[in-house]
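# Below is the sequence, then the predicted model.
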Amino acid sequence: MELDWKNLGFGIMKTDYNVRCVFKDGLWGELEVSSDEYLPIHIGATCLHYGQESFEGLKAFTGKDGRIRLFRHKENALRMIESAKGIHLAEVPIELFMEAVEKVVMLNKRFIPPHGTGASLYIRPLLIGTGPEVGVKPAAEYTFLIFVMPVGPYFKAGFKPVDVMICRDHDRAAPLGTGHLKVGGNYAASMGSIADAHQSGFATALYLDAKEKKYIDECGPANFFGIKDNTYITPKSHSILPSITNRSLQDLAKQMGMKVEVRPVPVEELSTFEEVGACGTAAVISPIGKVADVDNGITYSFGDGVTPGPVSTKLYETLLGMQNGDLEDSFGWTKILD
Ligand SMILES: Cc1ncc(COP(=O)(O)O)c(C=O)c1O
């Protein structure tokens, strides 16, 4: 089988194996390998009724040296533990999570895109309440599983600015809700506003803080950052997901001699940024060309709208280079699997 690596989209594709593990009677069982894409599930499972579920997303890359690299997968393990604490799921131990990621990647080695194709292997860990309950309470049984698929770049057009729309009539997360956790309910809550943004011709919705609608929260399923005066500025908020990409970019920015500020970012500050972007595992950085505040009749523009800014470009190339082994990983973020 030879896949058309250069023309892969970002979508579900069947690969050879997934790995699964069940938590029952207070204990995690053995990690099992399956080639079935389906999961037999009780019709009363809490994930189906009450959204008792958490997921993660990370990638594996093939380097120029042909070796397979994973990027910061311990951080995903730690974030899934936070999500589990937040909605009372059984916690997946860090070692089990990391072992499962490494195992499923190696089992599906033939699906890991070669170096230079711009593609990677997307890894999707999932933790769901599979025990049945009809009252609102945490399940007694959980299933942790991971499946993988090769994916192309998130945006077909490549590293080019996108336009986003400020969302003023929806919130993806409440001020003291679950926005800081990677749980399904947040994504269900965001689908309407993202669909509205698409319908209006924008790449995604830019969310504001739910309490006052004064500060920038997140940008669709990605964090937000702005660049000005040699400073990387990114929102501090309880209702945004702590992005591993964002934290990595902050460290890179510091290494490049920039200042880093993590603080509330008022919407009006958009007019002062030299560059803005969204960041996350899927695209690393999506530079933003325009932010439309449609309800207030204001559009904030950055650069010429078609060329990514120099700082975003440098950050993007450096992080991607470290992930795929083209650049030295001075932070020890990647793990080579042999
Ligand atoms: C809501 C949300 N914000 C931010 C991110 C970016 O996080 P990361 O960089 O860890 O992929 C994601 C994607 O995981 C997300 O779903």
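Nice, I can see it.

# Quick check: residues of the stretch 101-250 of the chain near the ligand?
Contact residues, the stretch 101-250 of the chain versus the ligand (C-beta under 6 Å from any ligand atom): 218, 221-223, 241, 243-246. No exception for glycine: its C-beta is placed from N, CA and C like everyone else's.

# between these, which is closest to Gly305?
Within those, distances to Gly305 taken as C-beta to C-beta reach their minimum at Ala222, with 19.1 Å.

# How much space separates that closest one from Leu89?
Distance, Ala222 to Leu89, by C-beta to C-beta, to the nearest Å: 24 Å.

# and what of Leu270?
37 Å.

# what sits against the residue lying closest to Lys109 once chain neighbours are set aside?
Nearest non-adjacent residue to Lys109, counting by C-beta to C-beta, 6 or more residues apart in numbering: Ile68, 7.3 Å away. Contact analysis of Ile68 by C-beta atoms under 8 Å, 6 or more residues apart in numbering lists 60-62, 105-106, 109, 112, 336-338.

# Repeat the analysis, applying 7 Å as the threshold.
60, 62, 105, 112, 336-337 (C-beta atoms under 7 Å, 6 or more residues apart in numbering).

# Over to Gly220?
Counting by C-beta under 7 Å, 6+ apart, Gly220 touches 194, 204-205, 278.

# Sort out which of those are in strands and list them.
Secondary structure from DSSP state E places 204-205, 278 of the contacts of Gly220 in strands.

# Tell me which helix or strand the closest residue to Asp329 other than its chain neighbours sits in.
Excluding the flanking residues, the one nearest Asp329 by C-beta to C-beta, 6+ apart is Met322, at 4.6 Å. Secondary structure assignment for Met322, by DSSP states H and E: helix 310-323.

# Give the other helices and strands that the helix or strand following that helix contacts.
Following helix 310-323 in sequence order, the next helix or strand is strand 334-337 (DSSP H and E). Here strand 334-337 touches strand 68-71, helix 94-107, going by 3 or more C-beta pairs under 7 Å, 6 or more residues apart in numbering; DSSP states H and E.

# redo that, cut-off 6 Å
Secondary-structure packing of strand 334-337 (3 or more C-beta pairs under 6 Å, 6 or more residues apart in numbering; DSSP states H and E): strand 68-71.

# Determine if any part of the strand it packs on is in contact with the ligand.
No: on the criterion C-beta under 6 Å from any ligand atom, strand 68-71 is out of touch with the ligand, staying 9.8 Å away.

# circling back to that earlier point, the residue nearest to Asp329 reaches Ser330, doesn't it?
No: Met322 sits out of contact with Ser330 when judged by C-beta atoms under 6 Å, with a separation of 8.0 Å.

# Neighbour count: these two, which is higher?
Higher neighbour count among Met322 and Ser330: Met322, with 21 against 10, using other C-beta atoms under 10 Å.

# Distance of the more buried one relative to Glu2?
Going from Met322 to Glu2 by C-beta to C-beta gives 28 Å.

# And Leu270 and Leu89? Which one has more around it.
Set Leu270 next to Leu89 and count neighbours by other C-beta under 10 Å: Leu89 wins out with 25 against 22.

# Tell me how far that one lies from Met258.
In this view, Leu89 and Met258 are 37 Å apart by C-beta to C-beta.

# Next: Val162.
From Val162 to Met258 the distance is 23 Å (C-beta to C-beta).

# again, but for Leu48
Taking C-beta to C-beta, one finds Leu48 at 46 Å from Met258.

# Same question for Ile288.
Distance from Ile288 to Met258, by C-beta to C-beta: 18 Å.

# before we move on, what about Leu319?
Leu319 is 14 Å from Met258, by C-beta to C-beta.

# And His73, by the same measure?
From His73 to Met258 the distance is 27 Å (C-beta to C-beta).

# who's more crowded, these two?
His73 (25 against 18).

# which phi and psi does the more buried one have?
Note on His73: backbone dihedrals following degrees, to the nearest 10 are phi -70, psi -20.

# Find the residue closest to it in space, skipping its chain neighbours.
Nearest one to His73, counting by C-beta to C-beta, 6+ apart, is Val101 at 4.9 Å.

# okay, now Lys160: neighbour count?
Lys160: 14 neighbours (other C-beta under 10 Å).

# tell me the pLDDT at it?
For Lys160, the model assigns a pLDDT of 93.

# What of the one 4 residues further on?
At Val164, the pLDDT value in this model is 96.

# and it, what does it touch?
Contact partners of Val164, counting by C-beta atoms under 6 Å, 6 or more residues apart in numbering, are 202-204, 206, 219, 288, 291.

# in the stretch 201-338 of the chain, which spans are helices?
244-255, 310-323 (DSSP state H, counting those that start in this stretch).

# who does the longest one touch, helix- and strand-wise?
I take that to be helix 310-323. So helix 310-323, by 3+ C-beta pairs under 6 Å, 6+ apart, packs with helix 244-255, strand 275-280, strand 284-293.

# how close does Ile233 sit to Ser271?
13 Å.

# the more surrounded of the two?
Set side by side, Ile233 and Ser271 show more neighbours around Ile233, with 22 against 10, by other C-beta under 10 Å.
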